[in-house]
Every structure is written in structure tokens, then in C-alpha cells.
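> sequence and predicted model, in that order:
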Amino acid sequence: MRASPPHEMVHEGTDATGMEEWRCPVCGRHFVVRWPPDFERLVLAEGDEDASHVGTKGEVGLSAIQLTPSTGEPAADADGDGWRRWLRDHGIDWDGPEP
């Protein structure tokens with residue numbers, strides 16, 4: 001079975017708050033998104049949920065997302081503290097200030 005070609009999203013514009021509007025001319029998928037650090041997305045029209053959607057805006061691009069089933073096993077982490085490091089690196093103070 002051949003995969004269908006990806007649908008190319010079109011950037012319709014960006015409002016003053018940084019929220020971007022994207023639309024797929026092939027299937028009608030339509031959403032607005034604000035990129036991190038204040039990520040937010042609102043899907044206005046689902047379109048073809050089985051299609052891969054891609055798009056570009058200047059040097060920023062959207063690419064298809066591939067979901068894979070979890071093995072149920074946690075990711076390997078040599079020191080067992082990788083999740084705390086990830087939180088800290090992303091500005092989340094899980095443990096509070098160090099004494």
C-alpha cells in the first residue's frame with residue numbers, strides 16, 4: 001500500500017499575539033497555533049486526519065508527525081534523573097531552590 005502524498009499547509013497569517021493561522025487547501029484542515037514557550041493549538045476544522053500535513057513559513061516548518069506505540073518501559077537514563085534535568089532545562093523548578 002502506497003502512502004498518499006503529504007498535504008501542504010498554507011500559512012494564512014499571524015496576529016499581534018503571535019497566534020498563527022494555517023489551512024490545508026486539499027482537505028480543509030484549519031487550525032491556529034502559538035509556538036513554545038507558550039504553546040497553544042486550536043483545531044478549527046479537522047480535515048483529513050489520516051493525511052500527513054507539512055508546511056513552511058520562512059525558516060520555520062511543519063512536518064509530519066509519526067506516532068509509534070510505547071513499549072511501556074521508561075526511557076533509559078544513566079543517572080535516573082533525566083526527567084528532572086529536562087524539567088529544569090525547560091524552566092520548571094520541580095524541587096524548589098537548592099539549599
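All right, it came through fine. Note that the structure is predicted; figures quoted are calculated from it, not measured. Numbers count the residues shown, from 1 in each chain.

> after the helix or strand bottoming out on mean pLDDT in the chain comes which helix or strand?
Across the helices and strands of the chain, mean confidence by mean pLDDT, DSSP states H and E is lowest for strand 60-62: a mean of 55. Downstream of strand 60-62, the next assigned helix or strand under DSSP states H and E is helix 82-89.

> could you give me the average pLDDT of that following helix?
The average pLDDT for helix 82-89 rounds to 74.

> so who does the spatially closest residue to Glu40 that is not a sequence neighbour touch?
Of all residues not flanking Glu40 in the chain, Arg34 sits nearest, at 4.5 Å (Cβ to Cβ, 6 or more residues apart in numbering). No exception for glycine: its C-beta is placed from N, CA and C like everyone else's. Arg34 makes contact with 17-20, 40-41, according to Cβ atoms under 8 Å, 6 or more residues apart in numbering.

> for Asp38, same thing?
Contacts for Asp38 were tallied using Cβ under 8 Å, 6+ apart; they are Gly18.

> how near is it to Glu8?
26 Å (Cβ to Cβ, to the nearest Å).

> swap in Glu46?
The gap separating Glu46 from Glu8 is 17 Å, by Cβ to Cβ.
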